[in-house]
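A.B. asks: Quick one, fold the following:
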Amino acid sequence: MIPRERVRNIGISAHIDSGKTTLSERILFYTGRIHAIEEVRGGGKGATMDFMPEEKLHGITITSAATTCQWHDTQINLIDTPGHVDFTIEVERALRVLDGAVMVLCAVAGVQSQSITVDRQMKRYRVPRLAFINKMDRMGANPFRVVQAMRDRLALNAVLLQYPIGSEDQFLGVIDLVEMQANYFQGENGENWVKQPIPAALEAEATQAREKLLDALSLFSEPMTQMLLAGEEIPPELIWETIRQATLNLELTPVLLGSAFKNKGVQNLLDAIALYLPSPVDREVVKTSESVSLYPHPDAALVALAFKLTLESFGQLTYTRIYSGTLKPGNTVYNSRTGQRVQIGRLVQMHANKREEVKIAVAGDIVALLGVDCASGDTFCAGEPLVSLERMFVPEPVITLAVTPKKQEDSDRLSKALNRFQREDPTFRLSIDPESGATLISGMGELHLEIYLERIQREYNAEVYVGTPAVAYRETINQRATFDYRLKKQSGGPGQFAHITGWIEPTNEPFVFENRVVGGAIPKEYIPACEKGFREAIASGQLEGYPVTGVKVVLEGGSYHPIDSSELAFRSAAHQALEKAIANAKPYILEPIMLVEVETPNELMGRVQGDLSSRRGLLLGSQTMQGYTVIRAEVPLVRMFGYSTDLRSLTSGIATFSMEFACYRQSSTSASK
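C.D. replies: Have a look, this model is predicted:
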């Protein structure tokens, strides 16, 4: 078993089309995991980590893929995550269980919309990261501008560890500012990593860049500060250790350069992963819901988190991170959510969609369990106490489609497909329209649902009719309102009695319930029933029947009857009381607003801005680069359906765009539009 100090659990995350999967392919090649490089787009077999037919068809990563490789004496467990915002849950659940991350940025486009989302996710789970500025070979590449954007837009203390040798089509390699050597990558696939003296023409610039690096690092090292003041040479070992500690403390983001497609700079990144990113023992102590501290020790009691599920022909494949203890086939563990015993059958290590049997998994490992029945986010424990690890953040869907089977024989297949997808993907929701009885599927965007519709046809051979997209509107309240509701029913025999008082007010949280009942005005056993009634009431609003959000309910008092009061009575009273209170709190409709970034040639900027304005878009600003402009705007989702087709027509297919959910805002038009 490899020592835990030499294990790295890392993810590769970025904005779409920044080169994550291309980078992953090179990492697998240089570590000897694969013996030939395949490209994301190129007509071959496709990249190793993009194994789904839909990924090969669309040329994008849809589902996160895990693999394990070895770089010198370090084991790297790597997860390649999607860049498209519609599949952001894949990034969310990967970062939930990883110890470190590589954030990939395009040397031309820099910090893009999904870069901001990925940064927010990394900060949510306090994941130390390196940054890799990719595509240094592209026209307009400017790593210094990207580093400044990381500081300005992401508030990161980004520090360059390298200096480029040329750029664009003249990008030849990088200068290591720690060892002060030029690094070149020769051979057909850049496999010959050659270190040479710095070119004379770049000596002055490299020396100046090194001084900036040491100046930034001296803030984190007293010995380095003293050596700099004394004019002494700083040893590489001190620089490496200072970078590592500042990175682990989330005080520094080391930045490296390269071109994955041109096979340059990837070996330096692998060295940096081993040098600077945390091992399982370096991460903060994991806290559970029961305030039990977990340490990544193989001899401790087992605690593991199921963070991703896929359903296959043999049963369920459960991706699991071991946080403490040891797991072997044949072990019996407990699911802390259900309290049920679970027998562990086979353990496998994943290499994209291939499985390799393992006989033991210890703290710090990421493995998959075969045939275990559980839900995503469940915690497995060896025994008492049954602790629960923090579940991941799951964003709410923003778009809904109605699907109807074309033929009777398609009905069962469709049902199987939808139930499977809902179980695998927490952002894919399934419901029934109460009026029409139609099956509704909800997701994070048009592409998200389009992929599932393709899979329904390919994997289940089911054909469906698809309704027009519907926006996931919400309702909320504008002011405080009180309630004083008395439920009293008598119909021979036991009656129903419940009396509750309190108030509601707007809040930034989706729903908050606060119990302020004192003196036993309402018995404690009825309080959960009240909360359940309140939650039922916000499932459907007063205006158009959309779910209600942003409501705080304060239960202040009431009264009860020793015989006629029951949980059902208080639940019904709470439901009806809240409905009346919402009606008095000036409710209004919220619509989802999307953050849109359009990259367009300069000469078409006015045309694109005018079109966004016509869609009720709020222009946030633009950034002009070499030959093109990036326009940022907030636009209601309802006006963005079919935008990719419209943008192609508007710009003759030249402009590109990305879109992600920004916020809910009061609708300026009726919800029916």
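A.B. asks: Please name the residues that touch the closest residue to Ile89 other than its chain neighbours.
C.D. replies: Nearest in space to Ile89, with sequence neighbours left out and distances taken as Cβ to Cβ, 6 or more residues apart in numbering, is Thr427 at 4.6 Å. Placement of C-beta: from N, CA and C, glycine included. The neighbours of Thr427, taking Cβ atoms under 8 Å, 6 or more residues apart in numbering as the test, are 88-89, 394-395, 397, 443-444, 448.
A.B. asks: so where's the stretch 101-250 of the chain shaky on pLDDT?
C.D. replies: Within the stretch 101-250 of the chain, not a single segment meets pLDDT under 70.
A.B. asks: Tell me which stretches of it form helices.
C.D. replies: Using DSSP state H, counting those that start in this stretch, the helices of the stretch 101-250 of the chain run over 113-124, 143-154, 203-217, 222-229, 236-248.
A.B. asks: so where do the strands sit in the stretch 451-600 of the chain?
C.D. replies: Remark: strands assigned in the stretch 451-600 of the chain by DSSP state E, counting those that start in this stretch are 464-466, 470-471, 474-476, 481-489, 496-506, 511-515, 551-559, 588-601.
A.B. asks: mind showing which ranges of this protein have poor pLDDT?
C.D. replies: In the chain, residues with pLDDT under 70: 39-64, 83-86, 284-292, 313-314, 353, 434-436, 491-493, 626, 669-673.
A.B. asks: In it, which residue is most central in space?
C.D. replies: Glu92 (2.6 Å; Cα atoms, centre = their mean).
A.B. asks: For the nearest residue to it once chain neighbours are set aside, list the residues it contacts.
C.D. replies: Of all residues not flanking Glu92 in the chain, Met392 sits nearest, at 5.4 Å (Cβ to Cβ, 6+ apart). Counting by Cβ under 8 Å, 6+ apart, Met392 touches 92-93, 96, 307, 377.
A.B. asks: let's see it at 6 Å
C.D. replies: 92-93, 96 (Cβ atoms under 6 Å, 6 or more residues apart in numbering).
A.B. asks: Can you list which of these are found in strands?
C.D. replies: Among the contacts of Met392, no member falls in strands (criterion: DSSP state E).
A.B. asks: measure the residue nearest to the centre of the chain to Leu389 for me?
C.D. replies: 15 Å (Cβ to Cβ, to the nearest Å).
A.B. asks: so how far does stretch 374-387 reach from one end to the other?
C.D. replies: 16 Å (Cα to Cα, to the nearest Å).
A.B. asks: got the buried residues for it?
C.D. replies: Across stretch 374-387, burial judged by 16 or more other Cβ atoms under 10 Å covers 374, 376-382, 386-387.
A.B. asks: farthest pair in those?
C.D. replies: Distance extremes for the buried residues of stretch 374-387: the farthest pair is Ser376 and Ala382 at 20.9 Å, using Cβ to Cβ.
A.B. asks: Find the nearest non-adjacent residue to Ser221, please.
C.D. replies: Thr242 (4.3 Å).
A.B. asks: Now do the contacts for the one you found.
C.D. replies: Thr242 neighbours (Cβ under 6 Å, 6+ apart): 217, 220-221.
A.B. asks: Return the entry from the residues you listed with the maximum number of neighbours.
C.D. replies: Leu217 (23 neighbours; other Cβ atoms under 10 Å).
A.B. asks: list the contacts for that one?
C.D. replies: Counting by Cβ under 6 Å, 6+ apart, Leu217 has contacts Thr242.
A.B. asks: Roughly how far does it sit from Val147?
C.D. replies: Counting by Cβ to Cβ - Leu217 and Val147 are separated by 15 Å.
A.B. asks: rewinding a little: and which of the buried residues of stretch 374-387 is nearest to Met227?
C.D. replies: The closest of the buried residues of stretch 374-387, once distances to Met227 are taken by Cβ to Cβ, is Val387, at 46.0 Å.
A.B. asks: still on that earlier bit, pipe the helices of the stretch 101-250 of the chain into JSON lines and attach distance to Ser565 per row.
C.D. replies: Output for the helices of the stretch 101-250 of the chain, formatted as JSON lines (distance: least, Cβ to Cβ, whole Å):
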{"stretch": "helix 113-124", "distance to Ser565": "43"}
{"stretch": "helix 143-154", "distance to Ser565": "55"}
{"stretch": "helix 203-217", "distance to Ser565": "67"}
{"stretch": "helix 222-229", "distance to Ser565": "68"}
{"stretch": "helix 236-248", "distance to Ser565": "56"}
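A.B. asks: deepest of these, which one?
C.D. replies: For the helices of the stretch 101-250 of the chain, ranked by mean neighbour count under the definition mean count of other Cβ atoms under 10 Å, the leader is helix 113-124 at a mean of 20.
A.B. asks: name the helices or strands packed onto it?
C.D. replies: Helices and strands touching helix 113-124, by 3 or more Cβ pairs under 6 Å, 6 or more residues apart in numbering; DSSP states H and E, are helix 88-97, strand 656-666.
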